[in-house]
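Chemist: using only what follows, build the 3D model:
(2 chains)
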Amino acid sequence: MKKAPLLVFLILLSVVALVPFVWTVSTALKDDQEVFAFPPRWIPETIQWGNFQKAWTALPFTQWVLNTLVITIACTIGQMLTGSLVAYGFSRFKFKGRDTLFGIVIATMMLPGQVTMIPVFMIWRELRAIDTYWPLILPAFFGGGAFNIFLIRQFFLSIPNELDEAAMIDGASYLRVWWQILLPLSAPVLATVGVLSFIGHWDDFNGPLIYLNSPEKYTVSIGLRMFQDSYGSETNLLMAASLIHILPTIVLFFFAQRYFMRGIQLSGLGGR
Amino acid sequence: MKKHHPGRWGFVFILPWLIGFLLFTAGPMIASLVLSFTRYDLNTIHFIGTKNYERILFDEPLFWKSLQVTVTYAFFSVPLGIAGSLGLALMLNQKVAGERLFRTLFYLPSLVPSVASALLWSWIFNADNGLLNYTLGLFGWGGVEWLADEKYTLGAFVVMSLWGIGGGRMIIFLAGLQGISESYYEAARLDGASAWRQFRNVTLPLLSPVMFFNLILGVIGAFQVFTQAYIMTAGGPNNATLFYALSIFRNAFEYFKLGKASALAWVLFLILLAITGIQFWASRRWVHYEGEAKS
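Modeler: Just a heads-up that it's a prediction; the model follows:
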């Protein structure tokens, strides 16, 4: 019967984990005075739904959300497509130097981005691509990131080779095997890579900060930073704007949750 | 079987990665090393030998400050974070009711984008109206200038990082725990091992590869903290949160000292290489790989 205290403790911890969310929502729904009321009230006296509209229209959030969606969706597609293609090459074929190259893939996970940041910036500057989305999107189409390659490869290795071979005896090409046999069987890992990729790019701050200059091209993350500069003292609006940034990732997570948790667990087993 | 899988095709399929690696990783790394021996401001470039490195090491208090800030942060946030994640995973592995619900709730904080997270924590840490000081006030403490008093700022950053202990790392620990065969525990119990000894002698060794993986990536992650410092404190007060990555960013994109910033980046790379190397070396003493792979 030691379960009961444990359960109480877990509930307590969940409350601690959730309090910052509740506090943010509560602040976002207060009027200017009540934000600074002491002691703080958790439930606002009159709920100010209008704060969301105020925050949304004070700066061009509609534009920023659309911009971010374009970048994020493009990158997610790029990472899932090329990541699984590369994982296919690493998991199903034997070629000279394969294991060395895969070792390099893993090693790049440990490489701090700062080491390549400046020359990569110079390349895009030479190509006159500063203040465009190319530097943010195009790299996602070159293999989709080391961790994703690793994750998908692990999953492909768990799919029996016989399936590929049967399809190839029927005359399927390699690309067809990848597209019609492996990908449909890999829903959990693809969902994981997709969600992680979406969240990662939706969240990205450093990239847009370096590459985007015109406010109309901003993403939500640097737009929010601009909001902080202009309306930082209006805490309720700032929290409302932050929630705009948070909400899509949480919604996506709830839709993909079942697959997603399984995918992450598989990645952990890979770490063993 | 081999004739069905001529290697050439494998090479073709990994080409996207290989080209990307040469273009965006290997090439730039070499370029960055070359740049680190120059003075470069996006217009003119001069070769100045090892001057950047000499200046950083012997003539730049901010370098040592940023290193101290980052190492201190890593020293506290990484072990605490790993212990927290492992603790949560151990509790969730006890087959309590509602395990899935708890797992989801604990995961939520790591879904919050870093800018939004930085903004909402700034509000929690607010000295006059913040939630933290209010809560501490109920116990008679409080009144701490979390983000304005250099004694506390780094501590505030560590606290904030612990909000994420239920994220991917915890899920990975949980998967690791669930992969440990019950027969080990049965055998240990037959030998009369206490719960603590079972943890110490069965769970920990079998979990050590996962722990090692998390430790390596945790340290590297701690050395790259940027967004929170940029948004919440701009490196202040009095450089108390001048994280290393922030210092590189400023030198590169605010002061346009791209040569010096490249040198800083290479110093970071070498430091991380050394730390990771030491961890790999030390891991032989405490990481146990099982002969049999679980799947």
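Chemist: hey, which helix or strand in chain A has the poorest pLDDT?
Modeler: Ranking every helix and strand in chain A by mean pLDDT, DSSP states H and E puts helix A:235-271 at the bottom, with a mean of 82.
Chemist: hmm, residue B:127 and residue B:133 touching each other?
Modeler: Yes. Residue B:133 lies in contact with residue B:127 (Cβ atoms under 8 Å); the separation is 6.2 Å. Quick note: C-beta positions are derived from backbone N, CA and C, even for glycine.
Chemist: shared neighbours of those two, anything?
Modeler: Taking Cβ atoms under 8 Å, 6 or more residues apart in numbering or on different chains as the criterion, residue B:133 and residue B:127 both touch B:143, B:144, B:146.
Chemist: what's the neighbour count on the second one?
Modeler: Applying the criterion other Cβ atoms under 10 Å in any protein chain shown, we find 18 residues in the vicinity of residue B:144.
Chemist: tell me the contacts of the closest residue to it other than its chain neighbours?
Modeler: Leaving aside its sequence neighbours, residue B:144 sits nearest to residue B:152 (Cβ to Cβ, 6 or more residues apart in numbering or on different chains; 5.6 Å). Contacts of residue B:152 were listed using Cβ under 8 Å, 6+ apart, and they are B:144, B:145, B:146.
Chemist: got the contact list for the second one?
Modeler: Translated: residue B:145. Contacts of residue B:145 by Cβ under 8 Å, 6+ apart are B:127, B:152.
Chemist: now do it against residue B:128, distance only.
Modeler: 9 Å (Cβ to Cβ, to the nearest Å).
Chemist: check the first one too.
Modeler: Residue B:144 sits 11 Å away from residue B:128, taking Cβ to Cβ as the criterion.
Chemist: quick one: pLDDT of the residue nearest to residue B:89 when sequence neighbours are not counted?
Modeler: Spatial nearest neighbour of residue B:89, chain neighbours left out: residue B:173 (3.7 Å); criterion: Cβ to Cβ, 6+ apart. Residue B:173 carries a pLDDT value of 91.
Chemist: got the phi/psi numbers for the residue nearest to residue B:144?
Modeler: phi -110, psi -20 (degrees, to the nearest 10).
Chemist: same question, residue B:165
Modeler: Dihedral angles (degrees, to the nearest 10) for residue B:165: phi -70, psi -20.
Chemist: so it versus residue B:101, what's the distance?
Modeler: 17 Å.
Chemist: what's the longest helix anywhere in chain B packed up against?
Modeler: In chain B, taking DSSP state H as the definition, the longest helix is helix B:61-92. Applying 3 or more Cβ pairs under 8 Å, 6 or more residues apart in numbering or on different chains; DSSP states H and E, we find helix B:61-92 packed against helix A:3-28, helix B:99-107, helix B:153-162, helix B:168-178, helix B:204-222, helix B:244-249, helix B:258-286.
Chemist: the shortest one - contacts with which helices or strands?
Modeler: What that stands for is helix B:244-249. Short answer (3+ Cβ pairs under 8 Å, 6+ apart): helix B:244-249 packs on helix A:114-126, helix B:61-92, helix B:258-286.
Chemist: tell me how far the longest one lies from the chain's centre.
Modeler: On the basis of Cα atoms, centre = their mean, to the nearest Å, helix B:61-92 is displaced by 8 Å from the centre of the chain it belongs to.
Chemist: apart from its chain neighbours, what residue comes closest to residue 7?
Modeler: Picked chain A for this. residue B:96 (5.6 Å).
Chemist: ah, I was thinking of chain B
Modeler: Leaving out its chain neighbours, the residue that sits closest to residue B:7 by Cβ to Cβ, 6+ apart is residue A:95, at 2.9 Å.
Chemist: so the one you found: helix, strand or coil?
Modeler: coil (DSSP: H, G, I helix; E, B strand; the rest coil).
Chemist: for it, give me its contacts.
Modeler: The contact partners of residue A:95, by Cβ under 8 Å, 6+ apart, come to B:7, B:8, B:10, B:11.
Chemist: identify the farthest-apart pair in those.
Modeler: Largest separation among these by Cβ to Cβ: B:8 and B:10, giving 7.2 Å.
Chemist: for those two, work out which one has more neighbours and name it.
Modeler: Taking neighbours as other Cβ under 10 Å, residue B:8 and residue B:10 compare with residue B:10 leading, 23 against 11.
Chemist: rewinding a little: how about the contacts of residue B:152 in JSON lines, adding secondary structure and pLDDT?
Modeler: Compiled in JSON lines, the contacts of residue B:152 are given as follows (DSSP: H, G, I helix; E, B strand; the rest coil; pLDDT from 0 to 100):
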{"residue": "B:144", "secondary structure": "coil", "pLDDT": "89"}
{"residue": "B:145", "secondary structure": "coil", "pLDDT": "91"}
{"residue": "B:146", "secondary structure": "coil", "pLDDT": "92"}
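Chemist: could you find the closest non-adjacent residue to residue A:43?
Modeler: Excluding the flanking residues, the one nearest residue A:43 by Cβ to Cβ, 6+ apart is residue A:26, at 7.0 Å.
Chemist: look at the residue positioned nearest the centre of chain A and give its secondary structure.
Modeler: For chain A, the residue sitting closest to the mean C-alpha position, by Cα atoms, centre = their mean, is residue A:199 at 1.7 Å. With three-state DSSP as the basis, residue A:199 sits in helix.
Chemist: next one: the closest residue to it other than its chain neighbours from residue A:191, what distance?
Modeler: Closest residue in space to residue A:199, ignoring its immediate chain neighbours: residue A:249 at 5.0 Å, by Cβ to Cβ, 6+ apart. Residue A:249 sits at a distance of 14 Å from residue A:191 (criterion: Cβ to Cβ).
Chemist: residue A:40 against residue B:131, yeah?
Modeler: Yes. Counting by Cβ under 8 Å, residue A:40 sits close enough to residue B:131 to count as a contact (7.1 Å).
Chemist: who's more crowded, those two?
Modeler: residue B:131 (21 against 17).
Chemist: so that one makes contact with residue A:39?
Modeler: No. Look at residue B:131 against residue A:39 with Cβ under 8 Å: they stay out of range, at 10.8 Å.
Chemist: could I get the contacts of residue A:95 as TSV with secondary structure and pLDDT?
Modeler: TSV is the format used below for the contacts of residue A:95 (three-state DSSP; pLDDT from 0 to 100):
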residue	secondary structure	pLDDT
B:7	helix	79
B:8	helix	85
B:10	helix	91
B:11	helix	92
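Chemist: what about the closest residue to residue B:204 other than its chain neighbours, how many neighbours?
Modeler: In this structure, residue B:204 finds its nearest non-sequential neighbour in residue B:211, 7.9 Å apart by Cβ to Cβ, 6+ apart. By the criterion of other Cβ under 10 Å, residue B:211 has 22 neighbours.
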